[in-house]
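Q: this one's sequence-less:
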């Protein structure tokens, strides 16, 4: 198990459906998540957070281009970082916490360091999950 969560930087940009304006989290909440047109910004941010968390708690969110996946392993016995799962700070427009992620779609072997004879093939549909600290913010 990794001693410290990894840190990687990714920029997530919402793509507008029309060329008239840039897409915001509020637009995404209204258009994609069926939020009310009069929704306030705090509720729109909560709706986006709940959408994000629901996607990674029910399964793996995969990026086929980079062959990486993220999820949250909900068993605290398996995932010592579960209590640090991402949470929102609605008033400051950010989400931070630790989730599980790693590469997939690679042939690999899992081997016991103490017993070289104890090894198994890691299939392409399996992932080695490491803890990753995430920090999402809305600077609008």
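A: Yep, it's here. This structure is a prediction, so every number in the text was calculated from the model and none was measured.

Q: okay, CA-based contacts and neighbour counts for the rest of this
A: Will do.

Q: pLDDT averaged over the longest helix along the chain - what is it?
A: The residue-count maximum for a helix in the chain (DSSP state H) belongs to helix 41-57. In this model, helix 41-57 has a mean pLDDT of 87.

Q: again with stretch 127-134
A: Mean predicted lDDT for stretch 127-134 stands at 87.

Q: quick one: the helices in the protein, in order.
A: Assigned by DSSP H, the chain shows helices spanning 25-31, 41-57.

Q: quick one: closest of those helices to residue 88.
A: Closest of the helices of the chain to residue 88 is helix 41-57, at 7.0 Å (criterion: Cα to Cα).

Q: distance from that closest one to the middle of the chain?
A: Taking the mean of its C-alpha atoms, helix 41-57 sits 12 Å from the chain's own mean (Cα atoms, centre = their mean, to the nearest Å).

Q: need the residues that contact the helix or strand of the chain with the lowest mean pLDDT.
A: The weakest-scoring helix or strand in the chain, judged by mean pLDDT, DSSP states H and E, is strand 61-63 (a mean of 79). Outside strand 61-63, the residues that touch it by Cα atoms under 8 Å, 6 or more residues apart in numbering are 55, 68, 69, 70, 71.

Q: returning to what we had before: just checking, what packs against the longest helix of the chain?
A: helix 25-31, strand 68-71 (3 or more Cα pairs under 8 Å, 6 or more residues apart in numbering; DSSP states H and E).
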